[in-house]
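*Asks:* Just the structure for this:
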Amino acid sequence: MQTLTPDTLAAALVDLPGWVGSTTLIEREFTAPDFATGIRLVVQAGDEAEALDHHPDIDIRWVRVRFALSTHSAGGVTALDIELARRITASADALGCR
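*Replies:* A predicted model of the protein is given here:
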């Protein structure tokens, strides 16, 4: 899988508010309404990651959940990371995370 160019990544991030990074890694932190909702977000993100066979780094700090995405085998951010970011964002939005 090809890594994204800086221009392609910048264009993709326009549709993913809150996601930041470089061609090496993209990340976003969500704030959940409460701890249980944050855990539900992690579970839903895990289900999406399994469906794509692509797994993010996740850091949970009370109501804050941070996701970091990179395709390690490709050495940077690929279309797979963008798709997973879209799915995580959709889950977060549905759960009321900001």
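*Asks:* Next, the buried residues of the helix or strand containing Asp7.
*Replies:* Assigned by DSSP states H and E, Asp7 belongs to helix 6-14. For helix 6-14, a neighbour-count test (16 or more other C-beta atoms under 10 Å) marks Leu9, Ala12, Leu13 as buried. Backbone N, C-alpha and C define where each C-beta goes, glycine included.
*Asks:* closest to Ala79 among these?
*Replies:* Of all the buried residues of helix 6-14, Ala79 sits closest to Ala12, with 8.2 Å by C-beta to C-beta.
*Asks:* In this structure the closest one contacts Leu4, no?
*Replies:* Yes - with contact defined as C-beta atoms under 8 Å, Ala12 and Leu4 form a contacting pair (6.8 Å).
*Asks:* check contacts around the residue positioned nearest the centre of the chain.
*Replies:* Central residue check for the chain by C-alpha atoms, centre = their mean: the C-alpha nearest the mean position is that of Ala85, 3.6 Å away. Ala85 is in contact with Leu16, Trp19, Ile26, Arg28, Phe67, Leu69, counting by C-beta atoms under 8 Å, 6 or more residues apart in numbering.
*Asks:* so where is this protein shaky, pLDDT-wise?
*Replies:* Within the chain, no stretch has pLDDT under 70.
*Asks:* can you give me the strands in this protein?
*Replies:* Shown for the chain, the strands assigned by DSSP state E span residues 20-21, 26-31, 57-61, 64-69.
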